[in-house]
Structure formats: C-alpha cells, structure tokens
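1. Got a sequence here, can you build the structure:
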Amino acid sequence: MKINIRQIKPVGIELTQTFPADFAGLTGEDDARFITPIKVKAEVSRAADEIIAGITAASRYESFCGRCLQEVKRDWEASFLVAFDIDGKTEFIEMDEDIRQELVLNLPLRILCREDCRGLCVDCGVNLNNESCACAEKATKKVKVKT
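-> Presented below is the predicted three-dimensional model:
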C-alpha cells in the first residue's frame, strides 16, 4: 500500500487492498500459512510529523495442532497500528513490509484443533481424541510389586 501524503485529508482516509495468500512469505515449510487472499483495510490519519495507520486484516490459515498434529484450518483476523515519521520532504509512504511483518506476528503462537485436545500418547503415539490406548494400564501393571 503506497500512500501519497497529500491525499490524506484532515479527517483521514480509508484504503482497502487484497494481497495474495503468499504475501506474508509463509510456505508449507512454516508452522502456519495463509490459504486465502488477505483482505486489508487501513484507516490512515496524519498527526503532526507522523502518519498513523490502523490496520485490520482478515484471511484463513492452515497449520497443525500443537498437541495431536491434526490439520487445522481457521478464519483469522487481526488489528494493529503502524506509524511512520515524516518530514516536509516526504511525499509517499510504503506500508507493505510493515503490514507483512504484522501479519506474521499476529498469527497464534500455539494452535490447537480444539481447546480440550488430548494430544498423542507419548508411548504409542495414538491420537487420544479418537481412541484410547492401553499404555497407562501396562505401566500400572509393571509398577505393582509383589510382597
């Protein structure tokens, strides 16, 4: 989003732009990646020698559950501010890189398929959300000591 400083009215301006899903630079090798175009709305205003942009971004991402490793696809939305110092010589500001960085920073750090995900058994690897395992019973039987 390239903004001409002279276009910013005293009440500010509102801009919208849609970026491709790969705009954030995330790929299948990353923990999460966007899978739909990223819709960005910017409310831009000028305050003395600064341009402030309130950004709202929305898309859909895919990742893997941090406990059971099942694929997770979720709608995503984030709001953040970016600010730019300007002087009398500044004609344009370019916000793309700042927006890209904020998109990545605003993705969740830990993604779960559901809040009560039980994860995988550490011994046999079975997904405890779908089935139970006998590892706990086996461990209990091994611990019993005859006296």
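2. Mark out where each domain of this protein begins and ends.
-> 2-115, 117-147 (automatic domain parsing).
3. and those, which one is worst for confidence?
-> Lowest mean pLDDT within these: domain 117-147, at a mean of 75.
4. can you give me the strands for this structure?
-> 2-4, 13-19, 32-34, 38-47, 50-64, 71-85, 92-94 (DSSP state E).
5. between those, which one is nearest to residue 26?
-> Among these, strand 32-34 comes nearest to residue 26, with 3.9 Å by Cβ to Cβ. Where C-beta positions appear, they are placed from N, C-alpha and C, glycine not excepted.
6. how about the nearest residue to the most centrally placed residue in the chain, chain neighbours excluded?
-> Centroid-nearest residue in the chain, with Cα atoms, centre = their mean: residue 107, separated by 1.7 Å. Nearest residue to residue 107, sequence neighbours excluded (Cβ to Cβ, 6 or more residues apart in numbering): residue 32, at 5.2 Å.
7. My understanding was that the one you found contacts residue 62; is that so?
-> Yes. The pair residue 32 / residue 62 is scored as a contact, 7.0 Å apart, by Cβ atoms under 8 Å.
8. For these two, work out which one has more neighbours and name it.
-> Using other Cβ atoms under 10 Å as the criterion, residue 32 and residue 62 rank with residue 32 on top: 19 against 16.
9. Next one: the nearest residue to residue 91 once chain neighbours are set aside from residue 51, what distance?
-> Take residue 91 and drop its neighbours on the chain: the residue closest to it by Cβ to Cβ, 6+ apart is residue 5, 5.9 Å away. Here the criterion is Cβ to Cβ, to the nearest Å. By it, residue 5 lies 7 Å from residue 51.
10. Show me whatever sits in contact with both of the two.
-> Listed as contacting both residue 5 and residue 51 by Cβ atoms under 8 Å, 6 or more residues apart in numbering are 86, 93.
11. Which one's more surrounded, those two?
-> When neighbours are counted by other Cβ under 10 Å, residue 51 comes out ahead of the other of residue 5 and residue 51, with 20 against 14.
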